[in-house]
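Trainee: just need the structure, nothing else, for what follows:
(2 chains)
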There are 2 protein chains.
Amino acid sequence: MPPRAAILVTGDEILRGRIQERNAGILARSLEGHGVLVSRIEMVGDGLDAIGGALTRLLGDGHDILCVSGGLGPTHDDLTMEAVGRATGRPLAIDPRALELVSARSMSLSGDPGILAALREKQATLPVGSVLLPPPGTAPGCIVRHGATTIVVLPGPPWELETMWEAALSEPLLAEVVARAPAAHERILRIHAVPESTLVAATAGLDPAVWDRLTVGICAREGELEVTVRAARKDEWAADLLEEGIAAGVGDALFSRDGSTIDDVVAAALVAAGQTVAVAESCTGGGLGARLTARPGSSAYVLGGVISYSDEVKVGVLGVDAEVIRRHGAVSPECAEQMARGARRLLGADWALAITGIAGPGGGSDEKPVGLVHLALAGPGGVRHLAQRRGGDREAIRARAVAGALHLLRQGLVEAAGG
Amino acid sequence: MPPRAAILVTGDEILRGRIQERNAGILARSLEGHGVLVSRIEMVGDGLDAIGGALTRLLGDGHDILCVSGGLGPTHDDLTMEAVGRATGRPLAIDPRALELVSARSMSLSGDPGILAALREKQATLPVGSVLLPPPGTAPGCIVRHGATTIVVLPGPPWELETMWEAALSEPLLAEVVARAPAAHERILRIHAVPESTLVAATAGLDPAVWDRLTVGICAREGELEVTVRAARKDEWAADLLEEGIAAGVGDALFSRDGSTIDDVVAAALVAAGQTVAVAESCTGGGLGARLTARPGSSAYVLGGVISYSDEVKVGVLGVDAEVIRRHGAVSPECAEQMARGARRLLGADWALAITGIAGPGGGSDEKPVGLVHLALAGPGGVRHLAQRRGGDREAIRARAVAGALHLLRQGLVEAAGG
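Mentor: Next up, the predicted model:
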């Protein structure tokens, strides 16, 4: 059995939906990568009773690792350390080394010296006997063993949490538990633009013995299906058969067999070809550019682009023919193609992707409903166009348009490479 | 006492960190807006035991509302309805109206008729005695009363969940519970670029009686502090005193007293002034444009912009002087100012925002470390510049740069309006 973990995220702002919570996902992804099974995530408010109740529930459920995030700030509503002290029966005390680190990191703050000193001491107070985790920001964390559970207390800001967690993984108290995880035998297949029912049909003919050996999860998002296949090492043959069945059933739509995302695939193909890409965005307003450049090192192949949200910019900057917009509208295959050509020419890129569509909630018509998006790719061999129509809200429609553009680029790159 | 709610999100992909979970936040925000207190969020995997265990825990804790999301798909690992049936002691049966709706929505699928029929029946199977919630996508949901708890079962895709939840709020079984919530007496103050310790100092002199009457929460993110102040109607005077204390202590940095975000404030100011904005983005790659256009109706004031990720685009499209880049670098006040001027001229906008910085993780130096961002705003009265330096990872640095640009635009708009 792999070690089991639980994640507890604290903060009234989360229960009130004020922030997009990210910490649970960061920890879950890391634990998963180490072969640790996350069996539960809980989120509670800032109160001592709320945090204490959750700690008691999760400690009682026999988890090997319990990650706790948030509530390590300097103010009176930051009570996580106190709750951990109570739940584990450990008194709290100022940790001298923690105080030193907190003081060094908050030197630039100005204000009443007495108040500042009290805030620093509050942040340096840890359960007795815990292992200090130095602060990437201003708040230290700690590791405490309680019975069979190793508790890791981490700060709330996502980058602080992520940095401290990476450091915590090297601490013997935690590393020893993580090391008990078996090597993961898992493969992830990613498929583009195939409905789940097609996948069911494609694999319906497989020997039931194949299914008995596998744990299969299917997750649909942004027009992709992600299929996770787990098997014991001796049962890898069953995973091979399933993968081959899927490949035979869906063909080229299976764009990744090694866990890489469409972003990974496109970036690798551009780097391999030594080529560059530019964007021309209307309804996505820069979202495609932001996604392409989210990756470190993307300056090797992303030149930039034009956000042509208004028609004047489409005509004046990208050189779209005003007559085309008058006749076909800005949301049309013709306009998308001219946007792509214009961006490719203006930026001198090998490839240019254009997106123009109706993201809603207003602006739709019977002929051009909300969710209709025209994509175009201009490349060395000419221009190709793709119309896409998706349900969902403005955010979902824009995300689907960006994902659709990445897949269009991938197809262009594959064909240009003769694949 | 306001009604209490819990949220249960199901899905292996969440425990494995494969997707950025959004449903809990959508539901929490809506419940909060209706005055319902969310006291707990749980996330568990797809297994029948995992979902059943969570339902038992949450039903046992006396919540008035229990929202459950995910696991309503057609495949064998979608087990939420079965778990709800077991936890509430209700058998499952095909709901004829649900079957009709599911069939109408999946007509376009092709495949083995027997398999498709089975998938449809699976999705139309609900706990007996539940109220059907029609599917925005393909999966119906339902409302079931169990003891004092109203359980609302919703699909996993965020836009489906949001659409169905809005419809569920009109169903008498749920509306009756939500109506018990007291009118909310809450105000939200937003403050830009002030450390939490300054806020503590600014309010340290207030009469302790003020604090006794209030529940105050402080949340820091993207360079802002969000202060939530709750009071009973008769204690509004205490909230007024706190607000005045904060206003006196932080001055103009208090940019919102009515809950509006920086995005709201900037959009309203542009609309009121009848002015337009353009962007010139380097390290954010389109993220500022995407954020400005995330809002429906933004075409009234966003013209678009240039993503000048490469220096060639800064020079060739925006007209930045190549000598400026050679002498000062692309991450410099001079380059940011020329980018802003160039975008304003090229797009014919009233205002143009430029961002150039080092988002990392590579590319930093002692002189220009990772996290250094230069912002510039070109407007009717000339150009202003702001240097920003933030810690954090690439994503955090880019998000902070975008937020910083919005605040710079707000300051320009306030001063131009003579405010």
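Trainee: hey, let's count contacts and neighbours off CA atoms from now on
Mentor: OK.
Trainee: for A:Lys234, give its distance to A:His185.
Mentor: With distances defined as CA to CA, to the nearest Å, the gap from A:Lys234 to A:His185 amounts to 10 Å.
Trainee: more neighbours, those two?
Mentor: Using other CA atoms under 10 Å in any protein chain shown, the more surrounded residue of A:Lys234 and A:His185 is A:His185, with 15 against 9.
Trainee: the more buried one: what's it in contact with?
Mentor: Contacts for A:His185 (CA atoms under 8 Å, 6 or more residues apart in numbering or on different chains) come out as A:230-233.
Trainee: list buried residues within those.
Mentor: A:230-232 (16 or more other CA atoms under 10 Å in any protein chain shown).
Trainee: out of the residues you listed, which are inside strands?
Mentor: Using DSSP state E, A:Arg230 are the members of the buried ones among the contacts of A:His185 that sit in strands.
Trainee: from the buried ones among the contacts of A:His185, which single one is nearest B:Val9?
Mentor: A:Arg230 (22.6 Å; CA to CA).
Trainee: which residue, other than its chain neighbours, is closest to the closest one?
Mentor: Nearest residue to A:Arg230, sequence neighbours excluded (CA to CA, 6 or more residues apart in numbering or on different chains): A:Glu186, at 4.5 Å.
Trainee: do A:Gly85 as well
Mentor: A:Pro127 (5.2 Å).
Trainee: tell me the bridge partners for that neighbour.
Mentor: Using DSSP bridges, the beta-bridge partners of A:Pro127 come out as A:Leu92.
Trainee: while we're on it, how confident is the model there?
Mentor: The per-residue pLDDT reported for A:Pro127 equals 97.
Trainee: who touches it in this structure?
Mentor: Applying CA under 8 Å, 6+ apart, the residues contacting A:Pro127 are A:81-82, A:84-85, A:90-93, A:144.
Trainee: ditto for A:Ala269
Mentor: For A:Ala269, the contacting residues are A:410, A:413, taking CA under 8 Å, 6+ apart as the criterion.
Trainee: could you verify that it is part of a helix?
Mentor: Yes. For A:Ala269, which was evaluated using DSSP: H, G, I helix; E, B strand; the rest coil, the result is membership in a helix.
Trainee: next one, pLDDT for it please.
Mentor: The predicted local confidence for A:Ala269 is 97.
Trainee: roughly how far apart are it and chain B?
Mentor: 19 Å (CA to the nearest CA, to the nearest Å).
Trainee: that older thread, show the pLDDT at the residue nearest to A:Arg230.
Mentor: Looking at A:Glu186, its pLDDT is 81.
Trainee: backbone torsions only: list them for it.
Mentor: phi -140, psi 140 (degrees, to the nearest 10).
Trainee: turn the contacts of A:His185 into a markdown table, columns for pLDDT.
Mentor: Compiled in a markdown table, the contacts of A:His185 are given as follows (pLDDT from 0 to 100):
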| residue | pLDDT |
| --- | --- |
| A:Arg230 | 82 |
| A:Ala231 | 83 |
| A:Ala232 | 77 |
| A:Arg233 | 76 |
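Trainee: nearest to chain B among those residues?
Mentor: Distance to chain B across the contacts of A:His185 (CA to the nearest CA) is lowest for A:Arg230, with 12.6 Å.
Trainee: do I have it right that the closest one meets A:Leu214?
Mentor: Yes. When contacts are counted by CA atoms under 8 Å, A:Arg230 is listed as touching A:Leu214 (5.7 Å).
Trainee: what pLDDT does the residue in chain A positioned nearest to chain B get?
Mentor: Relative to chain B, the nearest point of chain A is A:Gly286 (3.9 Å; CA to the nearest CA). At A:Gly286, the pLDDT value in this model is 98.
Trainee: which SS class is A:Val177?
Mentor: Following three-state DSSP, the label given to A:Val177 is helix.
Trainee: using a markdown table, lay out the buried ones among the contacts of A:His185 together with distance to B:Arg190.
Mentor: A markdown table is the format used below for these (distance: CA to CA, whole Å):
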| residue | distance to B:Arg190 |
| --- | --- |
| A:Arg230 | 47 |
| A:Ala231 | 51 |
| A:Ala232 | 53 |
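Trainee: which one of the buried ones among the contacts of A:His185 is nearest B:Gly412?
Mentor: The nearest one, if we look at those relative to B:Gly412 and count by CA to CA, is A:Arg230, at 55.6 Å.
Trainee: who touches both of A:Arg230 and A:Leu214?
Mentor: A:Ala239.
Trainee: please list all residues in contact with the residue lying closest to A:Leu132 once chain neighbours are set aside.
Mentor: Using CA to CA, 6+ apart and skipping residues adjacent in sequence, the residue nearest A:Leu132 is A:Cys142, 4.5 Å away. For A:Cys142, the contacting residues are A:126, A:130-133, A:152-154, taking CA under 8 Å, 6+ apart as the criterion.
Trainee: buried residues of the longest helix seen in chain A, list them for me.
Mentor: Longest helix in chain A by number of residues, with DSSP state H as the criterion: helix A:394-416. Applying a neighbour-count criterion of 16+ other CA under 10 Å, the buried positions in helix A:394-416 are A:394, A:396-413.
Trainee: overlap between these and the residues near chain B?
Mentor: Of the entries in those, the ones placed beside chain B under the rule of CA under 8 Å from any CA of the partner chain are A:394, A:396.
Trainee: sorry, back to before: got the CA positions of the longest helix of chain A in CSV?
Mentor: Provided in CSV are the C-alpha atoms of helix A:394-416 (Å, rounded to 0.1, in the frame of the first residue of the first chain):
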residue,chain,number,x,y,z
ARG,A,394,-17.4,33.4,-21.5
GLU,A,395,-14.4,32.0,-19.7
ALA,A,396,-15.0,28.4,-20.9
ILE,A,397,-15.5,29.6,-24.5
ARG,A,398,-12.3,31.6,-24.4
ALA,A,399,-10.3,28.7,-22.9
ARG,A,400,-11.6,26.3,-25.5
ALA,A,401,-10.7,28.7,-28.3
VAL,A,402,-7.1,28.9,-26.9
ALA,A,403,-6.8,25.1,-26.6
GLY,A,404,-8.3,24.7,-30.1
ALA,A,405,-5.7,27.1,-31.5
LEU,A,406,-2.9,25.1,-29.9
HIS,A,407,-4.2,21.9,-31.5
LEU,A,408,-4.4,23.5,-34.9
LEU,A,409,-0.8,24.6,-34.6
ARG,A,410,0.2,21.0,-33.6
GLN,A,411,-1.5,19.6,-36.7
GLY,A,412,0.3,22.1,-38.8
LEU,A,413,3.6,21.3,-37.3
VAL,A,414,3.0,17.5,-37.6
GLU,A,415,2.1,17.8,-41.3
ALA,A,416,5.0,20.1,-42.0
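Trainee: now it: mean pLDDT?
Mentor: The average of the pLDDT scores along helix A:394-416 is 95.
Trainee: which secondary structure elements does it contact?
Mentor: Using 3 or more CA pairs under 8 Å, 6 or more residues apart in numbering or on different chains; DSSP states H and E as the contact criterion, the elements in contact with helix A:394-416 are helix A:262-273, helix A:287-292, strand A:351-357, strand A:372-379, strand A:382-389.
Trainee: looking at these, which is buried most?
Mentor: strand A:351-357 (a mean of 31; mean count of other CA atoms under 10 Å in any protein chain shown).
Trainee: that strand pairs with which strands?
Mentor: With DSSP bridges as the test, strand A:351-357 pairs up with strand A:277-281 (parallel), strand A:372-379 (antiparallel).
Trainee: in JSON lines, list the ones you listed along with mean pLDDT and distance to A:Leu72.
Mentor: What follows is these, written out as JSON lines (pLDDT from 0 to 100; distance: least, CA to CA, whole Å):
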{"stretch": "strand A:277-281", "mean pLDDT": "98", "distance to A:Leu72": "42"}
{"stretch": "strand A:372-379", "mean pLDDT": "98", "distance to A:Leu72": "45"}
